[in-house]
Each structure stands twice: as structure tokens, then as C-alpha cells.
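Participant: dropping the sequence and predicted coords here.
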Amino acid sequence: MMLSVVIPVYNERGTVEEILARVQAVNLAEEIIIVDDGSNDGTRELLQEIVPHHKNAQLILHEKNQGKGAAVRSGITAAGGDLILIQDADLEYDPRDYPALLVPIEEGKADVVYGSRFLGAPRRVTMFWHMVANKLLTLMTNILYNSILTDMETGYKLFRSEVIKSIPLRARRFDFEPEITAKLLKRNARIFEVPISFNPREYSEGKKIGLKDAFQAVWALIKYRFVD
């Protein structure tokens, strides 16, 4: 099965070259789609310089910043693989976890695989209140949709292409995670979780998601419980 990796990017000049190198070092992605979401810190110019020198990589440019969800949607639309994996550009997630993510789909057990930060794999011990918010949002997901997820907000989500492309997506910002989770659960998609390592960066290091996004996630979970 052909794996497409979608990398949404916004103002990640300091990390984007390294994440691209790490993805290629794993040697599992046959297609890498980088979506620059209107960066203004030099990321866009750097990508235009380096992407042509990387095999199987292509660059999509948003003329203005639209949000992570919009960038992910552009990447999904462009992806041609049988499997589509979302990879953040901030080095919090390690591409060396790709083999573990692929196993449930390769064994025919899953349509979607979530990499969980809370199933015992190594992780940096920081960002306590961010972890609390993640667990509360996951608990809310489980109550509303009768599931037993441990990490709804994970940035590592792997999909069978026909599953993700069949779902209408509207999220433009970080509400992509609750929207896609809600719609997958409502469609009874087979979701597996596997443990992944996690190296979170703090807000002083450039982390972008904030309290406003948590409230948007709550609204998305409630809204999509009753509408599609």
C-alpha cells in the first residue's frame, strides 16, 4: 500500500527541514505533500528551495494563512496514496513510529490508526495543563460517541484513503481533530490506537494551539454529535 504523508506548515522555518529529513529517513512514505499555510517567517522561501531536491515531495502554497485544518484538507485532496498520514512539522512527533502506526491497517484490523501519547511510550515531562485539556476533550468524546479513545487530540492520525476522502470536512483550524474523530465514530470506522513517543514543545518554543482552540474543540464535538 502506498503511503502519503501530509505535512501542514505555518511559520516553522526552524524545524521544517529537519522533519522532512526525518520522514524520508524512515523510507516508508512514497509521497510527501507539504502544505505551506501562508508562512511569513521565511518558511515558504526555504521550502521552495529545498523541496525540489527531495524525492517524492511536492509543495502546495496557500496564499494566506487559513489554519491547520485547511492545510490538512488541501493535503488530503492532493494525496494519491492508499494510506494518508498527518505529520506536524514541529518535531513533537517522531516518524520512527510509522511502522507501529501501519501495523493495524496492514493486518486488516483497522481503517484508521491514532498514535496515542498516553499509552506508555516515552515522552517529555512538561505541559501538564495542556495534557489535562487533552484528556478532558478525550473524555468528552468518549461520553458523546460511546468510545474508549485515550487521545482524541493526537496529531498522528493514519487513514485509509477511501475512508478519509469520503468524509466531508469543514474545519479550518485545530478543530480538525474533533471533527474528523466525531465523523469517523459516527460512521463506525474501525479506529485502533497505538502508543507513540512525544516530545512537546512549550509556548515559549513556538507552540501555537491555545485556550481558544479548546473551546472550539468542545463546540465541534457537540455540534457534530447532532449534525454531519
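Facilitator: Received it, and whenever you're ready, just let me know what you need.
Participant: ok, the spatially closest residue to Thr181 that is not a sequence neighbour to Asn142 distance?
Facilitator: Using C-beta to C-beta, 6 or more residues apart in numbering and skipping the chain neighbours, the partner closest in space to Thr181 is Met152 (5.1 Å). Heads up, the C-betas are built off the backbone N, CA and C, glycines and all. As defined by C-beta to C-beta, to the nearest Å, Met152 lies at a distance of 8 Å from Asn142.
Participant: can you give me the helices for the protein?
Facilitator: Remark: helices assigned in the chain by DSSP state H are 16-26, 43-50, 68-78, 98-106, 128-145, 161-165, 176-186, 211-226.
Participant: how about TSV for these, with mean neighbour count and mean pLDDT added?
Facilitator: Listed next are those as TSV, based on neighbours: other C-beta atoms under 10 Å; pLDDT from 0 to 100:
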stretch	mean neighbour count	mean pLDDT
helix 16-26	18	96
helix 43-50	17	96
helix 68-78	21	96
helix 98-106	18	98
helix 128-145	16	92
helix 161-165	16	97
helix 176-186	23	96
helix 211-226	16	87
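Participant: how about these in a markdown table, adding distance to Gln58?
Facilitator: Below are the helices of the chain laid out as a markdown table (distance: least, C-beta to C-beta, whole Å):
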| stretch | distance to Gln58 |
| --- | --- |
| helix 16-26 | 12 |
| helix 43-50 | 11 |
| helix 68-78 | 7 |
| helix 98-106 | 19 |
| helix 128-145 | 32 |
| helix 161-165 | 16 |
| helix 176-186 | 21 |
| helix 211-226 | 28 |
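Participant: could you point out which of these sits nearest Leu61?
Facilitator: helix 43-50 (6.6 Å; C-beta to C-beta).
Participant: let me see the contact set for Leu144.
Facilitator: 182, 221-222, 225 (C-beta atoms under 8 Å, 6 or more residues apart in numbering).
Participant: tell me which of the helices of the chain lies nearest to Ala89.
Facilitator: Among these, helix 16-26 sits nearest to Ala89 (C-beta to C-beta), with 4.9 Å.
Participant: neighbouring contacts of the closest one?
Facilitator: Applying C-beta under 8 Å, 6+ apart, the set of residues contacting helix 16-26 is 5, 7, 9, 12, 29, 32, 34, 43, 46-47, 50-51, 54-55, 57, 87-91, 94-96, 98-99.
Participant: and the buried ones among the residues you listed, selectable in PyMOL?
Facilitator: The PyMOL command for the buried members of the contacts of helix 16-26 (criterion: 16 or more other C-beta atoms under 10 Å) is given here:
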select buried, resi 5+7+9+12+29+32+34+43+46+47+50+51+54+57+87+88+89+90+91+94+95+98
